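Trainee: no letters, just coordinates:
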């Protein structure tokens, strides 16, 4: 008899819990932001990209010129090598190796500097996006906002509002 009574009480408690959770779930508001899209489409992100291009364009041109010079000297060496004296061939070959090492070093430093600056600029954009997201969350009374999920119903996508908020700030 006690066992049946306990089972009934547990069933009633479980039912009450489910009804309570169901009522709370109706009030639960979820949002989603696609960070990649924010970084591609917002004015603030495109401005950051333009600043990076402007900042690194001269160094990129210098690398391109150095690569062309190296290619030209290498072709000339390959063409002339059979007719060169041993000492002249060795001298030109040493020069080519030195130029190639210089090119590789400059390219590596360029790539490291570009990656560091790109990360710096992206962090600035993401920091501002997070401010906009928090503002939208408070205004819209969201309980939780996810970034970069595998799947979510598009009706919860706040990305356009975040991009709009960032774009308004950028102007």
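Mentor: Right, received. Where do you want to start? Values in this document were obtained by computation on a predicted structure and should not be read as measured data. Numbering: from 1, shown residues only.
Trainee: which regions of the protein lie under the pLDDT threshold?
Mentor: Residue ranges of the chain with pLDDT under 70: 1-26, 170-171.
Trainee: ranges for the helices of the chain?
Mentor: 2-27, 35-41, 43-80, 86-140, 159-170 (DSSP state H).
Trainee: so what does the shortest one touch, helix or strand wise?
Mentor: Counting contacts by 3 or more CB pairs under 8 Å, 6 or more residues apart in numbering; DSSP states H and E, the secondary-structure elements packed against helix 35-41 are helix 86-140, helix 159-170. Quick note: C-beta positions are derived from backbone N, CA and C, even for glycine.
Trainee: what angle do helix 43-80 and the longest one make with each other?
Mentor: If I follow you right, that is helix 86-140. Angle, helix 86-140 to helix 43-80, by axes from the mean of the first three to the mean of the last three CA atoms, to 10 degrees: 170 degrees.
Trainee: which one of the helices of the chain lies nearest to residue 147?
Mentor: helix 35-41 (5.1 Å; CB to CB).
Trainee: in that closest one, which residues are buried?
Mentor: For helix 35-41, burial by neighbour count (16 or more other CB atoms under 10 Å) applies to 35, 38, 39, 41.
Trainee: many thanks, I have nothing further to ask.
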